[in-house]
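>>> fold the following for me, if possible:
(one chain, ligands or ions: 2)
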Amino acid sequence: MTDTPGREPEGSEPEQRLPATRPPATPAPVERFTSPPALRKFELTPERAAQVVRQSSNARWVGFLATVIVILFVALYWFYELGAPLGLSEPRLSQEITAQQVTKVERGYNVYQANCARCHGVEGEGGGEGGDGPTLNRQDKLFEHLNENYLHNVLMVGGRYVCGNPASIMPVWADTGNPPGPLNYRQIEELIAFLRATSDVTYIVRDEHLLDPKVDPVTGEVLTFKGWRDPNYEPEPGATPYPDCWANEFVSASEPPAASVDPNAEVVTFTALSLAFTETEVTAPADTPFTLSFDNQDAGVPHDVQIKDTSDAVVFKTATFAGAEKRDFSVPALPAGSYPFLCTVHPTTMTGTLTAE
Ligand code: HEC
Ligand SMILES: [Cu+2]
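Ligands and ions are numbered 1, 2, ... in the order given. All right, here's what the predicted structure looks like:
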């Protein structure tokens, strides 16, 4: 080879150059596509031939089974993930959602018992020992009034949201409220899940931190609870919906007609202040009608006076109204004796005895 083709030094071989000449193409002989005779020297023995047949049949089986396994796996996984037909199993995702819902309710139960039961009652029956919260477990209330949105707002804004009473004793609960309360958004969610939980599911009382089921130390059984809301509840046809403000729940219930008060009758005064009757021992004239003057001094809080006889039958009940307001009622003649009285809004804390003599 040289760097300067055509100018090779004298006497050297002439350089071969492109395009290189090719020998003319001759058609390839047919034998070229068959194996050379040397390779066919050894024929397959019949044993070897049988072995080859068997092996390829095995290989086909392996392939077939592998395909079947893959198909079965895909089918089973499909049903596991999306639910078997005919409702034989639930889709995995909705199982997971149910399980998380149960956990939420069970945690919400603990949050409720720790924070709310003292005012709203262990069972949501209202009027706990710490203050006087309204009932939360009434079906007509849970049906629509206590919806998720409303509960969110009440826990965010506090008791003043409920009836617009700025002096409400229920504080703000959410830590995003103003002023911030003690519960974070997860606890609020859990509380709402608990308050809306249905009564057809039995939940387990769990330890707040470990989530272990709590066991009754006496019977050794796991403690359980049920939701409050009856999922099949339907309001009576024509029933009025639950009032926007819980205080009106009592006001709208069977009011005694406002009878005209006899100006000459003796006046007996009942006073409600700070969720209590200021006088728990009251004296009234026997066998003669008298005027019950009820002075409700609790602004925004409904109270009433219900007088019973010793057999627990109601002999008289005033209207239920929010204070601060004073109203007079005519009480029919009572035979001499002693009569327990109470406020039906706060039946556990507001009680007293009326003596007719
Ligand atoms: C200090 C007592 C007290 C505590 C504790 C308390 N509440 Fe209340 N709650 C009230 C009072 C009182 C009202 C009525 C508001 C008003 O009109 O002043 C009320 C109202 C409500 C209402 C609205 C009820 C209705 O009929 O519209 C809901 C819901 C509620 N509370 C949930 C809770 C929850 C959940 C907790 C626990 C985190 C809780 N409360 C803790 C006293 C309390
Ligand atoms: Cu009362």
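>>> is Gly127 in a helix, a strand, or coil?
Per DSSP: H, G, I helix; E, B strand; the rest coil, the secondary structure class of Gly127 is coil.
>>> contacts only, for it.
Counting by CB atoms under 8 Å, 6 or more residues apart in numbering, Gly127 touches 119, 121, 133, 135, 345-349. Using the backbone N, CA and C atoms, a C-beta is placed for each residue, glycine as well.
>>> which ones, among these, also lie beside ligand 2?
Filtering the contacts of Gly127 for proximity to ligand 2 (criterion: CB under 5 Å from the ion) leaves 345-346.
>>> which of the contacts of Gly127 fall within helices?
Counting by DSSP state H, the part of those found in helices is Cys119.
>>> just the buried residues from the contacts of Gly127, in PyMOL please.
Buried subset of the contacts of Gly127, written as a PyMOL selection, criterion 16 or more other CB atoms under 10 Å:
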select buried, resi 119+121+133+135+345+346+349
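>>> list just the nearest of the contacts of Gly127 to Leu151.
The nearest member of the contacts of Gly127 to Leu151, counting by CB to CB, is Gly133 at 13.4 Å.
>>> any idea how far the closest one is from ligand 2?
In this view, Gly133 and ligand 2 are 12 Å apart by CB to the ion, to the nearest Å.
>>> my guess is that residue contacts Val122. True?
No - under the criterion of CB atoms under 8 Å, Gly133 is not in contact with Val122, lying 11.9 Å apart.
>>> still on that earlier bit, and the contacts of Gly127 as CSV, adding pLDDT and distance to ligand 1?
Shown next, in CSV, are those (pLDDT from 0 to 100; distance: CB to the nearest ligand atom, whole Å):
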residue, pLDDT, distance to ligand 1
Cys119, 88, 3
Gly121, 88, 10
Gly133, 83, 3
Thr135, 88, 7
Val345, 82, 11
His346, 83, 11
Pro347, 81, 15
Thr348, 79, 14
Thr349, 82, 12
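>>> just curious, which of the contacts of Gly127 is nearest to Leu292?
Closest to Leu292, out of all of those and judged by CB to CB, is Val345, at 16.8 Å.
>>> for the closest one, give me its contacts.
Each residue near Val345 by CB under 8 Å, 6+ apart is listed here: 127, 132, 250, 301-304, 320.
>>> can you put those residues in TSV and add pLDDT and distance to Asp212?
Formatted as TSV, the contacts of Val345 follow (pLDDT from 0 to 100; distance: CB to CB, whole Å):
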residue	pLDDT	distance to Asp212
Gly127	73	32
Asp132	76	34
Phe250	68	42
Val301	82	41
Pro302	84	43
His303	88	44
Asp304	89	46
Thr320	83	45
